[in-house]
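[1] Please work out how this folds:
(chains A and B)
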Amino acid sequence: MYDAAIIGSGLGGLLTGAMLAKEGKSVYIAEKLNFYGGRCTAFEYKGYQIPTGAIHMIPFSRGPMKQVILDRLNIDIEFIDGGRAYVVHEDGTPEELTGNYTAKLFLKASLGDKLAKQYMDSFYEFALGIRSSEFSYVEKLNYIRMIKKYGHPRTPQGGFGNLIKKLVKFIKDHGGEMHLSTRAIDVLVDGNVANGILVYRLGNTEIIKARNVISNIGPRLTAELLGKKRYLLGKQFIEKLKEHKTVPGIKIAVGCDHQVNPGPVTLTPFLKRVSGFSEPTIADPSLAPEGKHLILSHQEIRSSDINHEIELGVQDIKSYIKDFDESCEIISVHSYLNDHPVNHSPQGNDFSQFTKIKHFYLVGDGVKPSGLLMTEGVAESARIVADHILEGK
Amino acid sequence: MATLQVNEELCVGCGNCLLICPHDGMNVWGKAKPNEKCTDCRLCERACPMDAISFPEKK
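    Numbering: from 1, shown residues only, chains lettered A, B, ... in the order given. Down below sits the predicted model:
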């Protein structure tokens, strides 16, 4: 009997597992794929640390990621400050995105200023994957408040691949059991209390009994996993699921002989598709071969023709980097759709971490608390669930 | 010739197969497509989050 069975080893599953294991709880983590970290790790490819999703950026310097990983778990990793985020004006001049400047833009945009709205849209698209018309004023306000409260982005030393490696080691060092190529095929529920999972591993099915079950696979796949038992999740959950859409996007990884952007995060409101770039090598040069820079674009998807969308992204990048042909090469192209999205829930339209099934919880980017984007929202959802379990409720 | 098959309806083009392939045997641009360097080692099959990669038995 385990204290917790965790389905999926994305950042949410690993952080929850690590917080529980640190307090002496026994955890079992089932990962379907043959690597840990899901959309939050990276692989070396052509000498670059290419992310499976998360762009080597932790949104805030003092947010939940820092509080959980550095302060609470004491993981030995540096969150490197590569400088502030920037926005590039139409004439090509960069401007530092301080908390005050962002707040000013936000105010102007909410008063109807068109230009400010265009800036904020690129901001939301880059950070959240959605446009301002797609989420509420309250959520925007919460988000802007978080930026002022928690400060500017950081890059984990060695990138997210290194962070995931350290988290996996931490969990194993604290007695946690973790399995790759192990697929959860059912959740065991007695009445309305979850008490384990069924996994398929090495050609066999195994029953994993557990006092708590945590799903890190997103709301839709969680419901699918429960099959006929999904109605136990509650009416609200099922109703919400009917209108639920995940957030799509495209990332293009570019290698360059020189630094391209003014800072590790740069917004580009005047490009057609690409809303911004991250250049994590400004913070940590080890993420690329010596002397090279890694530039990751982010763009939303506005039509169903993915190849066309990618072409438009490439055009944007070529118009943005003036000497592209001489100094740059496209390393890889990554699309995020359906059940492999940018975010399982659009910001501000997240599901709750709690369901009507007792001892059954959700963590990850489908259940981000208000105002907390990307990895910060994932970390906070993990902390909420871990604390709830540790308080023995 | 590789027997690897990509189910284009399931493939989202995430690029996990490209990143994990030790043989540089995969191209991804919108969708995954094996190239002539593919050795059928099956690593990508287990790295595909969408279960879009399969290796039908040779007849």
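
[2] what number of residues lie near residue 26?
    You didn't pick a chain, so chain A it is. The burial metric for A:Ser26, expressed as a neighbour count using other CB atoms under 10 Å in any protein chain shown, is 17. Where you see a C-beta, it was placed from the backbone N, CA and C, and this is true even at glycine.

[3] meant chain B, my bad for not saying
    Burial measure for B:Met26: 24 neighbouring residues, criterion other CB under 10 Å.

[4] all strands of the stretch 251-393 of chain A, in order?
    Secondary structure of the stretch 251-393 of chain A, counting by DSSP state E, counting those that start in this stretch: strands at A:265-267, A:274-278, A:293-299, A:328-336, A:360-362.

[5] could I get the ones you listed as CSV with mean pLDDT and mean neighbour count?
    Compiled in CSV, these are given as follows (pLDDT from 0 to 100; neighbours: other CB atoms under 10 Å in any protein chain shown):
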stretch, mean pLDDT, mean neighbour count
strand A:265-267, 95, 27
strand A:274-278, 96, 26
strand A:293-299, 97, 26
strand A:328-336, 97, 21
strand A:360-362, 98, 25
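
[6] Regarding chain A, what is its longest strand?
    In terms of residue count, the longest strand belonging to chain A (DSSP state E) is strand A:204-215.

[7] Check which residues of that one are buried.
    With burial defined by 16 or more other CB atoms under 10 Å in any protein chain shown, the residues of strand A:204-215 counted as buried are A:208, A:210-215.

[8] The helix or strand just after that strand - contacts with which helices or strands?
    Counting by DSSP states H and E, the element after strand A:204-215 in chain order, helix or strand, is helix A:219-226. Applying 3 or more CB pairs under 8 Å, 6 or more residues apart in numbering or on different chains; DSSP states H and E, we find helix A:219-226 packed against strand A:182-190, helix A:235-242.

[9] name the helices or strands packed onto the shortest one?
    Based on contacts counted as 3+ CB pairs under 8 Å, 6+ apart, the elements that helix A:235-242 packs against are helix A:219-226.

[10] could you give the angle of the helix it packs on to strand A:204-215?
    With axes from the mean of the first three to the mean of the last three CA atoms, to 10 degrees as the criterion, the two stretches helix A:219-226 and strand A:204-215 enclose an angle of 140 degrees.

[11] on that earlier part again, which neighbours does the longest strand of chain A have in its sheet, and in what orientation?
    For strand A:204-215, the pairing partners within the sheet under DSSP bridges are strand A:2-7 (parallel), strand A:193-201 (antiparallel), strand A:360-362 (parallel).

[12] and for that strand, what are the contacting residues?
    Strand A:204-215 has contacts (CB atoms under 8 Å, 6 or more residues apart in numbering or on different chains) with A:1-8, A:13, A:16, A:28, A:30, A:185, A:187-188, A:194-200, A:222, A:225, A:359-363, A:385, A:389.

[13] Weed out the non-buried ones from these.
    The neighbour-count criterion (16+ other CB under 10 Å) marks A:2-8, A:13, A:16, A:28, A:30, A:187-188, A:194-200, A:222, A:225, A:359-363, A:385, A:389 among these as buried.

[14] Spit out the contact partners of residue 48.
    Just going to use chain A. For A:Tyr48, the set of contacting residues under the criterion of CB under 8 Å, 6+ apart consists of A:253, A:255, A:287-289, A:292, A:294, A:331.

[15] not what I meant, chain B
    Taking CB under 8 Å, 6+ apart, we find B:Cys48 in contact with A:33, B:11, B:16-17.

[16] Swap in 7 Å and give it another go.
    Counting by CB atoms under 7 Å, 6 or more residues apart in numbering or on different chains, B:Cys48 touches B:16-17.

[17] Next one: it from B:Leu19, what distance?
    Applying CB to CB, to the nearest Å, one obtains 11 Å for the distance of B:Cys48 from B:Leu19.

[18] Over to B:Met26?
    In this structure, B:Met26 lies at 9 Å from B:Leu19, with CB to CB as the measure.

[19] so where is chain A shaky, pLDDT-wise?
    Chain A contains residues with pLDDT under 70 at A:393.

[20] residues from it in reach of chain B?
    In this structure, chain A approaches chain B at residues A:33-35, A:43, A:45, A:50, A:52, A:181, A:306-307, A:310, A:332-340, judged by CB under 7 Å from any CB of the partner chain.

[21] Mind checking which of the residues you listed are buried?
    Among the residues of chain A next to chain B, those buried by neighbour count (16+ other CB under 10 Å) are A:33-35, A:43, A:45, A:50, A:52, A:306, A:310, A:332-337, A:340.

[22] Let me see the contact set for the nearest residue to A:Leu33 once chain neighbours are set aside.
    When the adjacent residues along the chain are set aside, A:Leu33 lies closest to B:Ala47, with 5.6 Å between them (CB to CB, 6 or more residues apart in numbering or on different chains). The neighbourhood of B:Ala47, defined by CB under 7 Å, 6+ apart, consists of A:33-35, B:16-17, B:20.

[23] Make JSON lines from these and add distance to B:Asp40 and secondary structure to it.
    Listed next are the contacts of B:Ala47 as JSON lines, based on distance: CB to CB, whole Å; DSSP: H, G, I helix; E, B strand; the rest coil:
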{"residue": "A:Leu33", "distance to B:Asp40": "19", "secondary structure": "coil"}
{"residue": "A:Asn34", "distance to B:Asp40": "16", "secondary structure": "coil"}
{"residue": "A:Phe35", "distance to B:Asp40": "20", "secondary structure": "coil"}
{"residue": "B:Asn16", "distance to B:Asp40": "17", "secondary structure": "helix"}
{"residue": "B:Cys17", "distance to B:Asp40": "13", "secondary structure": "helix"}
{"residue": "B:Ile20", "distance to B:Asp40": "14", "secondary structure": "helix"}
